[in-house]
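Trainee: Please find the sequence and the predicted model below.
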Amino acid sequence: MPRVALAALVGAMLSIAGASYQGAFRNPLADPYLLGVASGAGLGATIVFVIGRANTNGWLIDPLPLAAFIGGLIAVMFTYMVGAAFGASNSSRSSITLVLAGVAVTSLATAIQTFVLYQNNDVIREVYSWILGRLNTATWQDVRLVTPYIVISSIVLLLHRRQLDLLRVGDDEAASLGMQVGRVRLIVVIAATLGTAAAVSVSGLIGFVGIVVPHAVRMMAGASYKRLLPLTVVLGATFLILTDIPGRVLTHGAETPIGVVTAFFGAPFFIVVLMNKRLSQ
Amino acid sequence: MSSVALSRLSVRYGKRTVVHEYTETIKPGDWLCLIGPNGAGKSSILRAVAGLAAHTGEINVDGSPLRLRTPRRRAELVAYVPQSPVLPDEMLAFEYVLLGRNPYVSYFGGESAHDREMVHNVLRRLDLDQFADRELGSLSGGEQQRLVIARALAQEAPILLLDEPTSALDIGHQQQALELVDRLRRENGLTVISAMHDLTLAGLYADRLALLHEGHLVVAGTAAQVLRAETLAEFYGVSVTVHHEPDGTVVVVPRRVS
């Protein structure tokens, strides 16, 4: 049971975060994984593992989600700055630039993480099983840990769905219609990163959910964020519960990590999105 | 109806000054058209009034400074139609025009029944109601341009800024769009500031023209005062003949040089 609950929470969060990043950056390829949020959060979490979970046991607030949040936020800000500095605005080229910046940030975060791990051999196994995504060890403790973050983050994002629709016409026009674009973008990115970090801190890195689910919803229900965001929550929860089944059932004994399953379906889907320029708005 | 007074308006991008201390007064319900070669600063003036370009100097609407307003309050006064509007392919026409209601919707709120009714009215007035549920990507250039004007109209702002509203349209749709703006100006008492390349059309529709060159005002006045062959030759580097029709229309015709 905790495993299903956690899959639902994480799936909903990664999906709404993906849709929100896509809106905030006006980039159909944005996703917590590709923007470097997940790996930044992973680095933050690794540092907590290295300090030792035993040492942090008595802490009032579990530092794992917070470290993941800080790592994820630094990563996404970095990606955005690099992407904005080198991408022409309002073009498909800038979409690609942002993703390339995300790849660079991901590599950097992963390199630092690997370095930290090899200095601390004792936690490698623990961290790697975590990186690949593990819902199999889920406990009610995990569910209790992340629920507040995911609920707050999702509510903030849902409240901004009209603003995300306004952003679809670009920064200038949204500003001329009275929106404070920079502020809205910052709030959305912080909220999406907080929720993603919380999700990542219990489930590990589960890729492509944030890109598959929002685009599937767009195909079914249209591109308006007013409908998109609530539907991604529902479909995202369903999607991750379903993709967790092969991991549980197919391989007895040695489980298939869920990150492998989502990447198996998600990567081809990503290529389709990349080819389909109609989704670029 | 609202008046607009620009006083020593300057716009800088980095170290480059693109508008130098431009001063102009537009009477309520008037149409001012900014003309001048590329890089003259026309778009920058419009962007400054729309609150999109940092500037020095004063922009007063009915005597009160625009910069003291929040972005939302400013959007109640000034509607801006950019040169190349972003039209998301998959957005529905109704949703698009509804965005114009943003200044009147609270931050976390949704559009009211009044907002929706207002958008339906605007679509009907502009003969666009049959497109309400169509995706923007499926509409023609002329229909899209009318929707952009419809969005500005849904904003209910007394001041309308148009940056090259006809540059992407054929001659028939150019006339249609400008006739529409002129009609709305009379019916709603809008004050219009536009930037335009077509000098004959500019003279035909605007009450007053302002010729700018490299950020400086060269001359402002009626079409007959501004559209003179020697002036245009000097600042556009173009060879033209200027005809004056009996009804007062000024027609600018390019001449073959060789």
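Mentor: Perfect, thanks for sending it.

Trainee: make it CA atoms for all contacts and neighbour counts henceforth
Mentor: Will do.

Trainee: part of a strand, is residue B:220?
Mentor: Yes. Assessed with DSSP: H, G, I helix; E, B strand; the rest coil, residue B:220 lies in a strand.

Trainee: From chain A, how far off is it?
Mentor: 27 Å (Cα to the nearest Cα, to the nearest Å).

Trainee: pretty sure that residue contacts residue B:213?
Mentor: No. At 11.9 Å, residue B:220 does not count as touching residue B:213 under the criterion of Cα atoms under 8 Å.

Trainee: now the farthest one out in the chain, which residue is it?
Mentor: Since you didn't name a chain, this refers to chain A. residue A:176 (30.7 Å; Cα atoms, centre = their mean).

Trainee: wait, what's in contact with that one?
Mentor: Going by Cα atoms under 8 Å, 6 or more residues apart in numbering or on different chains, residue A:176 touches B:50, B:51, B:52, B:71, B:75, B:79, B:80.

Trainee: Look up phi and psi at the second one.
Mentor: As for residue B:51, its main-chain torsions (degrees, to the nearest 10) stand at phi 80, psi 20.

Trainee: what helix or strand is the residue of the stretch 151-281 of chain A found nearest chain B on?
Mentor: Of all residues in the stretch 151-281 of chain A, residue A:178 sits closest to chain B, at 3.9 Å by Cα to the nearest Cα. Applying DSSP states H and E as the criterion places residue A:178 outside every helix and strand.

Trainee: give me the number of residues near the residue lying closest to it once chain neighbours are set aside?
Mentor: Leaving aside its sequence neighbours, residue A:178 sits nearest to residue B:72 (Cα to Cα, 6 or more residues apart in numbering or on different chains; 3.9 Å). Neighbourhood size, residue B:72 [other Cα atoms under 10 Å in any protein chain shown]: 20.

Trainee: which element is residue B:72 on?
Mentor: With DSSP H and E as the test, residue B:72 turns up in helix B:71-77.

Trainee: So what touches that helix?
Mentor: Outside helix B:71-77, the residues touching it (Cα under 8 Å, 6+ apart) are A:175-180, B:50-51, B:66, B:102-104, B:155-159.

Trainee: Sitting in helices, which of the residues you listed do you find?
Mentor: A:175, A:176 (DSSP state H).

Trainee: how deep is residue B:258 tucked in, by neighbour count?
Mentor: Residue B:258, neighbours per other Cα under 10 Å, totals 3.

Trainee: Check residue B:3 too.
Mentor: Residues near residue B:3, counting by other Cα under 10 Å, number 19.

Trainee: now do residue A:271
Mentor: 11.

Trainee: can you check residue B:209 too?
Mentor: Residue B:209 is flanked by 27 other residues according to other Cα under 10 Å.

Trainee: Quick one: residues contacting it.
Mentor: B:32, B:33, B:34, B:35, B:202, B:203, B:220, B:221, B:222, B:223, B:226.

Trainee: just the buried members of the residues you listed?
Mentor: By neighbour count, with 16 or more other Cα atoms under 10 Å in any protein chain shown, these hold B:32, B:33, B:34, B:35, B:202, B:203, B:220, B:222, B:223, B:226 as buried.

Trainee: Would you mind giving these as TSV with secondary structure added?
Mentor: Shown next, in TSV, are the buried ones among the contacts of residue B:209 (three-state DSSP):
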residue	secondary structure
B:32	strand
B:33	strand
B:34	strand
B:35	strand
B:202	helix
B:203	helix
B:220	strand
B:222	coil
B:223	helix
B:226	helix
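
Trainee: pLDDT for those - can I get that in a markdown table?
Mentor: Formatted as a markdown table, the buried ones among the contacts of residue B:209 follow (pLDDT from 0 to 100):
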| residue | pLDDT |
| --- | --- |
| B:32 | 97 |
| B:33 | 97 |
| B:34 | 97 |
| B:35 | 96 |
| B:202 | 94 |
| B:203 | 94 |
| B:220 | 95 |
| B:222 | 94 |
| B:223 | 93 |
| B:226 | 94 |
